[in-house]
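Novice: Based on what follows, work out the 3D shape:
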Amino acid sequence: MKKIIIALVMVSLSGLVSASMKLHLDEANIDLHDKASLQRGAKLFVNYCLNCHSAAYMRYNRAGKDLGISDKLVKENLVFSDAKVGDLMKVAMTVEDGASWFGTSPPDLSVMARAKGAGSEGANWLYTYFRSFYVDESRPFGVNNTVFKDVGMPHVLWELQGMQKLLNAEEVKHGATPEFALVSTGSMTAEEYDVAARDLTNFMVYMGEPSQLKRRSVGVWVLLFLVFFFFVSYALKKEYWKDIH
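Specialist: Predicted coordinates:
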């Protein structure tokens with residue numbers, strides 16, 4: 001009994017510690033109806049993410065169809081290998097090579113947005129992650145991330161954002177909001193990079209559940225039908241039982 005009580009206390013304490021060290025996440029405010037944003041996000045994804053990370057549950061032409069892009073434009077702008085437009089978004093890197101080069105094999109990103117949290121939490125996590133790399137010479141690739149401590153990948157978007165340093169590292173350890181300052185500029189302004197990070201997040205959220213917009217629209221009609229059917233059923237019930245009641 002004492003061991004059980006101690007275990008319960010430890011679990012409670014660990015929960016309190018986790019709650020007190022909750023990550024600061026910025027609001028992504030994505031819009032899955034914004035096809036222009038999704039198209040820009042797809043372009044960023046295939047240019048900067050698909051080199052190492054796969055999206056093995058998504059096909060090029062499925063993304064093209066949902067985003068309003070023809071197969072011809074998909075082939076010209078999103079496929080940079082000998083893959084066909086109907087192929088899955090896979091990469092040439094093997095699991096063994098990934099583990100050798102990065103310490104661990106880069107994960108598949110098909111459902112990464114959903115893996116990082118339900119609802120808007122996954123989108124907020126990704127959006128904040130893309131904007132939170134900072135210089136850390138102690139790390140193998142020279143960068144770290146306030147959202148993903150000791151991240152095992154380089155800052156692949158550095159040429160867009162530039163490189164930044166973390167100004168309040170000690171305070172961040174105790175839950176403070178990170179503060180950054182650029183040490184080298186990228187090809188985008190801070191505002192432009194925020195838009196790019198939001199576009200990339202938007203595409204990854206879409207990719208995690210491509211049918212969600214259709215599912216939601218169908219769900220609305222189903223609920224309306226059920227409301228209508230309820231009144232019809234109630235009227236029939238009154239008609240069938242009027243002689244008894």
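
Novice: ok now do the residue nearest in space to the middle of the chain, which residues does it touch?
Specialist: In the chain, the centroid-proximal residue (C-alpha atoms, centre = their mean) is A113; its distance is 3.0 Å. By C-beta atoms under 8 Å, 6 or more residues apart in numbering, A113 lies in contact with G122, A123, L126, T201, M204, V205, M207, G208. For the C-beta atoms, the positions are set from N, CA and C on the backbone; glycine is no exception.

Novice: can you rerun that using 10 Å?
Specialist: Counting by C-beta atoms under 10 Å, 6 or more residues apart in numbering, A113 makes contact with 28, 30, 121-123, 125-127, 201-209.

Novice: The residues you listed in helices, which ones?
Specialist: Cross-referencing the contacts of A113 against helices under DSSP state H gives 121-123, 125-127, 201-208.

Novice: so where is this structure shaky, pLDDT-wise?
Specialist: The chain contains residues with pLDDT under 70 at 1-22, 216, 245.

Novice: let's go with 80 and repeat that
Specialist: Applying pLDDT under 80 to the chain picks out residues 1-23, 119, 213-217, 219-220, 242-245.

Novice: And the strands in it?
Specialist: Assigned by DSSP state E, the strands in the chain fall at 55-59, 88-89, 133-135, 143-145, 162-166, 180-185.

Novice: hmm, back to that, columns distance to D150 on top of the ones in helices among the contacts of A113, output as a markdown table?
Specialist: As requested, the ones in helices among the contacts of A113 are exported to a markdown table (distance: C-beta to C-beta, whole Å):
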| residue | distance to D150 |
| --- | --- |
| E121 | 22 |
| G122 | 21 |
| A123 | 23 |
| W125 | 17 |
| L126 | 18 |
| Y127 | 20 |
| T201 | 22 |
| N202 | 27 |
| F203 | 26 |
| M204 | 22 |
| V205 | 25 |
| Y206 | 29 |
| M207 | 26 |
| G208 | 25 |
